[in-house]
Structures are given as structure tokens and as C-alpha cells.
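Colleague: no sequence for this one, just the structure:
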């Protein structure tokens, strides 16, 4: 965990920035090959564990190196299709609904993979033994990479939008520019919601997590109960995705205003994501209460399983907000920073557990700390809701007044009127009368 987290924290942001500067298919192919190489190194390391003595250290080194390479490459190979390819394919107000449906479908497919992947791995281990089973699982992982890349290559060849070069910045920047700076400078304040999302990775209340599994084992929980518990967590994940997709549907909007449909979608996503976080926090608090009671282990398990609905619902909303609001020129950099922060949270949880909460009796305090991080995520998201609002305004010729994403600049090609998310500050202006708009410097919030 330490090797992969350090590699992700240091290499993921520049890797994402490199993908922003590269052709999509080329970046995808290079990342896929790196991911295959990382998996192959891990398989080789596990296979060499049949030897004794100093060979064990070489095997461990191969496993660590392979895990580090695979985790960094996944920033592009795993996340680019949903956070860069999908919004590029469905770019424009008229395709916002299609983007939403595609995002939900990808989230469901990802959830299926999270269930089927570990199941196949467990079957390999049970049939072939720990070492041979791990090698077989790695080989299956490598074998699945070829058809996955073939699908992306075919999509790239058929869709001209994917082959079109990304927008060029008016001010030329150093190609080795800091990905963290680009992430923090997003006009729509998406760095705040990224921080909120990453806080959810500091949790011991995950059905598939090693910490919670170890705690349940100390409570003499039956292996069958733990298996059912994990299945229930996955099931509620599917429920959360489905409910979120329905609750965040967009009603009619003023199609004559550039960006109005996207802004309406963002407004719907903001409220639905807030509801998802509130639900997750409620379930986490109930789980802690059950632990404090001391005799409500089934209630605890039910609350944790139900909390996955809120987590996966928020994940869908977060991904779609990133698709709509992050500058298309910085999507890879922002994804790299996100991967680094999530890895840091996971490492922080592991170290905190080992140093301060290693005893089973202290798991209650660890659960309370995990709940506090869910609360922190809620606070950060609410702060974003207050500081960044949706504005409908007109720009005079070449008078922008504030930063825009490449998507916003495309909408300014007409009469200059557009709707987008921008910083409102602590002292946001009063809401304007309907239908009134004029050139900057001050914007008007949309109801």
C-alpha cells in the first residue's frame, strides 16, 4: 500500500497532465501497455515466491514495482474513458441527457466489475491455491486488456470528436506546468468537490475493506455473514446509482440560451449529490450508534451496507460534475490530482489504524473518525454550493471579466450570453430580475 500510494501521489498528477497534451488513443495505448507491464511484474513476483531465501526480497520488489506501475497507469487507462472520452463524445447542450445516461451506465458496469473481479479471483485462489490462483487471476487481468483497448480504438476511429485536437490556450504555458496548480485554478471551483470526494476514501466503514473485515472476525462473525454483508453492500451500490439517476433528471430549460441545459443539469446534480451525502452521513451515524450500544452488530452491518447507496450515488454525481465543469484541457491533470489525494487518504487510514486503533476495542473510535470525514466531505460540498453559483449573463465583445473553461469559450461565439458556474464569493450579488442581462463586471445568479 505504501509503495503504490507514494507512486500515485507523486506520479499520477504529471501522468494526467501528460495525457492532456497527448492524442487520446496514443495516451490510452501507452497507459494500457504500462498497466499490462505492471500486472505482469506482479504475477512474476508472486510466481517467484516458490523460492526461498533472498529470492523472496526480489519477488516482493517485483510485486511492489508492478503495483506502483499499474496504479499510475490506471489514472489514464481506467478513468479517462468516463472523465474525458465520454464528455468529448457528448459535448454540447443538446447531448447533456445522453452524457448522463452514459455516465450512469458506466457506473453500473464499474460496479459489476467490482463484484465479478474479486469473485473470479477468489475462485482462482480456491481452486488453484494462493500462489497459483493469484497468478491465474493476474493472467486473466492481462487477457482482458486487449479487448478493452480494442473497443476504445474502434470508438476512436469512428468518432471524429475524439480525434479532434483539444482547445489551445490563449496564453502558452510550460508543458511541464504543475498539475496541482491547474486543478486548483478551475473556474468552477471543482477542487472543492474533489476534496469532498477524497474525504470519503478515509473510511473504515467499507464492507470490502480489510479493516472492517478484521473487526468483524474479532466479533466472531460467521464467514457466511461477512459474505452476505459484502453482497448487500454491492446491491445497495446498484440501488444508489439507479435512484440517483432518477432523482437528478432535468426538467425543461430555456434552450435559446447557450449553456442553459448544462447549467440546469449542474443545478440538479448539486442538489441530488447533497442528498446523497446527507444519506451517507445519516447511515454512518447510525452505524456508530449501533457500535456504541454494543449489542447491535446486525444493525451496524445494515447501516454500513445502506451507506454504500449514498456513496455510489455521490460518486455518479461527482463524475458528472467533473465532466461538465472541468476544463477539457485539464481533465487528465485533475484526475491525476484526484488519484493522488484518494491514495493519500487510504494511506492515512492504514497508518492511523496501525498506530492509534490497532486494538479491536478501539474500532468504535475509528468508526467515529470515519464519520467525521463524511461530515467534512459534506461541509466542503456545501461550501462549494455557497461559493460557486450558476450565472446567466452577457459579455461585451472581448470582455470576459473572469476565467472560463474551453467549453464556456465555445458558447461565447454567439451573442455573448451564456450560463455557467462561477465564483460568487461570500458577498454574492442579489438575484437579478428575470430576463435582465448585461455586460460584466457583475453577474446575476440564476434562480
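Modeller: Ah, there it is. Model, not experiment: these values are computed from the prediction. Numbering: from 1, shown residues only.

Colleague: counting neighbours, which bits of whichever strand or helix holds residue 125 end up buried?
Modeller: For residue 125, the host element (DSSP states H and E) is helix 96-128. Residues of helix 96-128 classed as buried: 96, 99-100, 102-104, 106-108, 110-111, 115, 121, 124-125 (neighbour count, 16 or more other Cβ atoms under 10 Å). Glycine gets a C-beta too; all of them are placed from N, C-alpha and C.

Colleague: return the distance of it from the chain's centre.
Modeller: Distance of helix 96-128 from its chain centroid, counting by Cα atoms, centre = their mean, to the nearest Å, is 15 Å.

Colleague: tell me which helix or strand comes right after it.
Modeller: Assigned by DSSP H and E, the successor of helix 96-128 is helix 130-158.

Colleague: same for that following helix, what does it pack against?
Modeller: Under the contact definition 3 or more Cβ pairs under 8 Å, 6 or more residues apart in numbering; DSSP states H and E, helix 130-158 sits against helix 24-47, helix 96-128, helix 160-163.

Colleague: and that helix, how far out from the chain middle?
Modeller: 22 Å.

Colleague: where does the stretch 1-150 of the chain have low pLDDT?
Modeller: 1, 49-55, 93-94 (pLDDT under 70).

Colleague: try it again with 80
Modeller: Within the stretch 1-150 of the chain, the stretches with pLDDT under 80 are 1-3, 46-59, 92-95, 114-115, 117-119, 121-123, 125-126, 128-134.

Colleague: quickly find the element holding the residue lying closest to residue 217 once chain neighbours are set aside.
Modeller: Distances taken as Cβ to Cβ, 6 or more residues apart in numbering place residue 226 nearest to residue 217, at 7.7 Å, with adjacent residues excluded. Residue 226 belongs to helix 223-247 when assigned by DSSP H and E.

Colleague: give me phi/psi at residue 421?
Modeller: Residue 421 adopts backbone torsions of phi -90, psi 130, taken as degrees, to the nearest 10.

Colleague: show the pLDDT at the closest residue to residue 101 other than its chain neighbours.
Modeller: Nearest non-adjacent residue to residue 101, counting by Cβ to Cβ, 6+ apart: residue 245, 7.9 Å away. On pLDDT, residue 245 comes in at 90.

Colleague: hmm, back to that, which other helices and strands contact the helix holding residue 226?
Modeller: Contacts defined by 3+ Cβ pairs under 8 Å, 6+ apart place helix 223-247 against helix 96-128, helix 210-218, helix 260-293, helix 297-325.

Colleague: can you pull the buried residues of the second one?
Modeller: Read it as helix 210-218. Result for helix 210-218 [16+ other Cβ under 10 Å]: buried residues 211, 212, 215, 216.

Colleague: SS state for the closest residue to the first one other than its chain neighbours?
Modeller: Spelled out, it's residue 211. Nearest non-adjacent residue to residue 211, counting by Cβ to Cβ, 6+ apart: residue 204, 4.4 Å away. Taking DSSP: H, G, I helix; E, B strand; the rest coil as the rule, one finds residue 204 in the coil state.

Colleague: ok, now residue 422?
Modeller: Three-state assignment for residue 422 (three-state DSSP): strand.

Colleague: now it: how far from residue 106?
Modeller: For residue 422, the distance to residue 106 equals 28 Å [Cβ to Cβ, to the nearest Å].

Colleague: likewise residue 138?
Modeller: For residue 138, the distance to residue 106 equals 24 Å [Cβ to Cβ].

Colleague: ditto for residue 248
Modeller: Counting by Cβ to Cβ, the gap from residue 248 to residue 106 is 15 Å.

Colleague: list the buried residues for stretch 359-367?
Modeller: Neighbour-count burial for stretch 359-367, counted by 16+ other Cβ under 10 Å, picks out 363, 366, 367.

Colleague: end-to-end on that stretch?
Modeller: Using Cα to Cα, to the nearest Å, the end-to-end distance of stretch 359-367 comes out at 13 Å.

Colleague: now stretch 150-164
Modeller: The separation between the terminal residues of stretch 150-164, taken as Cα to Cα, is 20 Å.

Colleague: before we move on, back to that, possible to save the helices and strands packed on helix 223-247 as a markdown table with distance to residue 68?
Modeller: Converted to a markdown table, the helices and strands packed on helix 223-247 look like this (distance: least, Cβ to Cβ, whole Å):
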| stretch | distance to residue 68 |
| --- | --- |
| helix 96-128 | 20 |
| helix 210-218 | 19 |
| helix 260-293 | 31 |
| helix 297-325 | 25 |
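
Colleague: is residue 141 in contact with residue 40, as I believe?
Modeller: No. Counting by Cβ atoms under 8 Å, residue 141 does not reach residue 40; the two are 9.6 Å apart.

Colleague: just curious, which of the buried residues of helix 96-128 is nearest to residue 350?
Modeller: Here the nearest of the buried residues of helix 96-128 to residue 350, counting by Cβ to Cβ, is residue 121; it sits at 20.9 Å.

Colleague: residue contacts, the closest residue to that closest one other than its chain neighbours?
Modeller: Spatially, and ignoring its direct neighbours in sequence, residue 121 is nearest to residue 137 (4.2 Å; Cβ to Cβ, 6+ apart). Taking Cβ atoms under 8 Å, 6 or more residues apart in numbering as the contact definition, residue 137 lies against 120, 121, 124, 125.

Colleague: can you rerun that using 7 Å?
Modeller: Taking Cβ atoms under 7 Å, 6 or more residues apart in numbering, we find residue 137 in contact with 120, 121, 124.

Colleague: can I take it that residue 391 is in a strand?
Modeller: Yes. Residue state for residue 391 (three-state DSSP) corresponds to a strand.

Colleague: now do the same for it: its pLDDT.
Modeller: 78.

Colleague: what sits against residue 124?
Modeller: With contact set as Cβ under 7 Å, 6+ apart, residue 124 has these partners: 133, 136, 137.

Colleague: residue 95 versus that one, what's the distance?
Modeller: 41 Å.

Colleague: could you do residue 87 as well?
Modeller: 9 Å.

Colleague: between the two, tell me which one has more neighbours.
Modeller: A direct count of neighbours by other Cβ atoms under 10 Å for residue 87 and residue 95 places residue 87 higher, at 24 against 15.

Colleague: what's the helix or strand for that one?
Modeller: Judged by DSSP H and E, residue 87 forms part of helix 86-89.

Colleague: which stretches of the stretch 151-300 of the chain have low pLDDT?
Modeller: For the stretch 151-300 of the chain, residues meeting the criterion pLDDT under 80 lie at 166-177, 221-227, 250-261, 294-295.

Colleague: 70 instead, please
Modeller: Along the stretch 151-300 of the chain, the model assigns pLDDT under 70 to residues 168-177, 250-259.

Colleague: the stretch 301-447 of the chain now?
Modeller: Checking the stretch 301-447 of the chain against pLDDT under 70 turns up 393, 395-402, 411-418, 425-447.
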